[in-house]
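Visitor: kindly return the folded structure for what I paste below:
(2 chains)
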Amino acid sequence: MRDRRGRWARTPGDSIGKSDEGQRGGRKPPTGKDVIREWRQSRDDLVRKHLNQAAAHLDAGDHDAAGDELKQAGTMAQLHGDSETGDRLDQMGRALSEESRANAAVADFAAKGTQAVTGLLGAGHNGWNGKVDLFSAEDKPAIAAALNWDGTMAFQRELAQKMRDDKGGRIDDPQPYVTALHELIHGALPGGRESAEWKALAPGDKAVLSAFDSMDKANPSGGAYPTLHSLADVSKRSPQVTQDTIDSLAARGLLEKSDSTSSYTDLRTGEQSGPYHSWKMTGKARDMLPSAPQTHAMHSRAYQDPAVASVEEGFTELGTVHHAPEFFARTGIGDRETNITAFEGGHVKVSPVYASVKAAVFAKLADQERALSADPRGPHQQAAQAARRAAQALNDDDLPGAEDEVAKLRHLGDPDVFQAAQSIQAGLDKMEATGFAAHATMTEYAKRLRDPERIAKGEAWRHYAWQTAAAQSWVQDAAKAEGKGPKSPRVRELADEINREGVGGKVPAMARQVIRAAGGNPDDFAGRPFLALEDRIREQWPQGPAEAQASPWASALASAQDYVRSHP
Amino acid sequence: MSLELTPDGTEAYRILRWAQEDPAGRAAEAQRHMDDLARPLLHRESQAQALAEVQDAGTMLERLAGTV
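Guide: Purely as a prediction, here's the structure:
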């Protein structure tokens, strides 16, 4: 190409390092080495720019954007002729993007699942912090997933990739979804929720009760016991408080007025004030207060006790088995087919597609048999019998047998019969491809697995078999103490009561169940008796498969009954 | 599947119990043993139950290690 003056224009590549200014300014013309150096500098600058941006995105946790930058860096390197570096960067970028999509697949599903788990268990909130950390099975073969104490969900990359590659349709491996449910149940924690009674209070009432709570927390018991506060005390934390508000709360049983009054003397002026009335919060008000959310880390130390760890895993898996059907429904995968045969009324459930095609093929065979029977020619009479035998084989779901007979129709030499036989064969092919048995949906399959007898035998989701059986044994005993059967819905409610607590709260929740069954009030067991009961449960908790059915319920209940009898 | 553990599962829980006796001193070494136990079981359909049991104990160990 020529320029406006008719000179040959330089190619774009030539322009690097060959400025007109340099030549006119009398500088030394660049050598070939200079050109190569500048060219490399330019390439390196561009690649470095994208690498720096990739690093910034990684720091910000945006792996997808980091992957894009790496791929662009690779493209730059390739354009400048360094295909080896370019390929490497491109591969790294693609891997990062794939990793990012796998990570996002788990995080998105778990985000949906968190709401479901909180609702199903009646928990306060979830300790999962919204982050997912993938690891490879080769690096950590001994775990599939774990909820770390900082609330991050560690998840095996290979399982995450199954979620990432899930494009809808049949779910051949439910394990990634069940695993996510198990981890989210680990994350279930109490607190952080407002009771309906608290929500119903007027803002002024809430402000006053919060002021009482705040002052109680500053008392020597750290808020374990309520203390008396005057109107003047309360007004320092809730300036809008009025005597009417206090009286109204007292009238509703939320505050209790003291029998005595207090007077104060200003030590500087000697001036006396009062007498003042004082009030303290009642148990009813304290029960209404929204509790502060706990973190997952708060419970980590408790896990060092082997019995507590077994309780944690057993009840978490029991909750997984109990709630999987509804969890799948709420996360939008409940209606998806699995590759597991469906049963109905104790029999294999026939695939609806198979059944409808079978009916159509059966009708066609009947038509052929009728038409052929009306034709007196010998071969047609034989073909009519073949059609009858094909229908019988079809009735028995003997598809190869039916195909053998249909082949005789095709070979009759009659074009009309041939066409009909082709159509019948196509139907048989479709039946074979569909399969006789219907496939259970995720929800159907999960319902099958939560049969208590399966749980007792370790035949549910294949994990924590003996710990889960032990947990079920405990809540079945607790339900029995309430007059409920081992398969009653109460068993699940009692398990939920325990699963609403974090690791450190589960054994205390079990102790409260025992005290309740003994006819006592858990609040009366404060201190040493309560701790003794917890110790008994921990010490006697099954530590292996052989003890899984030996629930310490009876022993704990006897202990609680002794205490209740001696402290009427 | 039953409540009875496979030989690999039994070994995995033995490693876990050993670590539980001294989490701070033994968890890291126990994790190495647990990984060695689990690795040959990966991707082997016939060893699915053994792998599930080892991963149960391995996950408890992982969480235990996180407490120290």
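
Visitor: quick one, strands of the stretch 151-300 of chain A?
Guide: A:153-156, A:188-189, A:229-230, A:255-257, A:262-265, A:272-276, A:278-281 (DSSP state E, counting those that start in this stretch).

Visitor: residue 36: how many residues sit nearby?
Guide: You didn't pick a chain, so chain A it is. Residues near residue A:36, counting by other Cβ atoms under 10 Å in any protein chain shown, number 13. The C-beta positions use only the backbone N, C-alpha and C, and glycine is treated the same way.

Visitor: let me rephrase: I mean chain B.
Guide: Burial of residue B:36, expressed as a neighbour count using other Cβ under 10 Å, amounts to 12.

Visitor: report pLDDT for it.
Guide: On the pLDDT scale, residue B:36 is placed at 97.

Visitor: quick one on the thing from earlier: so which of the strands of the stretch 151-300 of chain A gets nearest residue A:430?
Guide: Relative to residue A:430, the nearest member of the strands of the stretch 151-300 of chain A by Cβ to Cβ is strand A:153-156, separated by 38.1 Å.

Visitor: coming back round to it: with respect to chain B, which of the strands of the stretch 151-300 of chain A lies nearest?
Guide: Closest approach to chain B among the strands of the stretch 151-300 of chain A (Cβ to the nearest Cβ): strand A:153-156, 7.7 Å.

Visitor: any buried residues in the closest one, and which?
Guide: The neighbour-count check on strand A:153-156 (16 or more other Cβ atoms under 10 Å in any protein chain shown) flags A:153, A:154, A:155, A:156 as buried.

Visitor: same question, stretch A:353-367
Guide: Those buried within stretch A:353-367 under the rule 16+ other Cβ under 10 Å are A:354, A:357, A:358, A:361, A:362, A:364, A:365.

Visitor: out of those residues, which is nearest to chain B?
Guide: Here the nearest of the buried residues of stretch A:353-367 to chain B, counting by Cβ to the nearest Cβ, is residue A:354; it sits at 27.8 Å.

Visitor: so the closest one touches residue A:435, yeah?
Guide: Yes. At 6.6 Å, residue A:354 and residue A:435 qualify as touching, with contact defined as Cβ atoms under 8 Å.

Visitor: which SS class is the closest residue to chain B within the stretch 1-150 of chain A?
Guide: Closest approach between the stretch 1-150 of chain A and chain B, counting by Cβ to the nearest Cβ: residue A:142, at 2.9 Å. Judged by DSSP: H, G, I helix; E, B strand; the rest coil, the three-state class of residue A:142 is coil.

Visitor: show me what contacts it?
Guide: B:12, B:31, B:34-35, B:37-38, B:54-55, B:57-59, B:61-62 (Cβ atoms under 8 Å, 6 or more residues apart in numbering or on different chains).

Visitor: if you set the cut-off to 7 Å instead, what comes out?
Guide: Applying Cβ atoms under 7 Å, 6 or more residues apart in numbering or on different chains to residue A:142 gives the contacts B:34, B:35, B:38, B:54, B:55, B:58.

Visitor: among these, which are in helices?
Guide: Among those, the members falling in helices are B:34, B:35, B:38, B:54, B:55, B:58 (criterion: DSSP state H).

Visitor: pLDDT score for the last one?
Guide: Think residue B:58. What the model reports as pLDDT for residue B:58 is 98.

Visitor: show me which residues of the stretch 151-300 of chain A sit near chain B.
Guide: Counting by Cβ under 7 Å from any Cβ of the partner chain, the residues of the stretch 151-300 of chain A close to chain B are residue A:300.

Visitor: run a quick neighbour tally on residue A:105.
Guide: Residue A:105 is surrounded by 20 other residues when neighbours are defined as other Cβ under 10 Å.

Visitor: just the pLDDT for residue 2.
Guide: Let's take chain A. Note for residue A:2: predicted pLDDT of 45.

Visitor: chain B was what I was after
Guide: For residue B:2, the pLDDT comes out at 68.

Visitor: before we move on, what about residue A:410?
Guide: So residue A:410 comes in at 93 (pLDDT).

Visitor: what sits against the spatially closest residue to it that is not a sequence neighbour?
Guide: Using Cβ to Cβ, 6 or more residues apart in numbering or on different chains and skipping residues adjacent in sequence, the residue nearest residue A:410 is residue A:421, 4.3 Å away. Applying Cβ under 7 Å, 6+ apart, we find residue A:421 in contact with A:406, A:409, A:410.

Visitor: quick one: which of those has the most company?
Guide: With neighbours set by other Cβ under 10 Å, the maximum within the contacts of residue A:421 is found at residue A:406, which has 28 neighbours.
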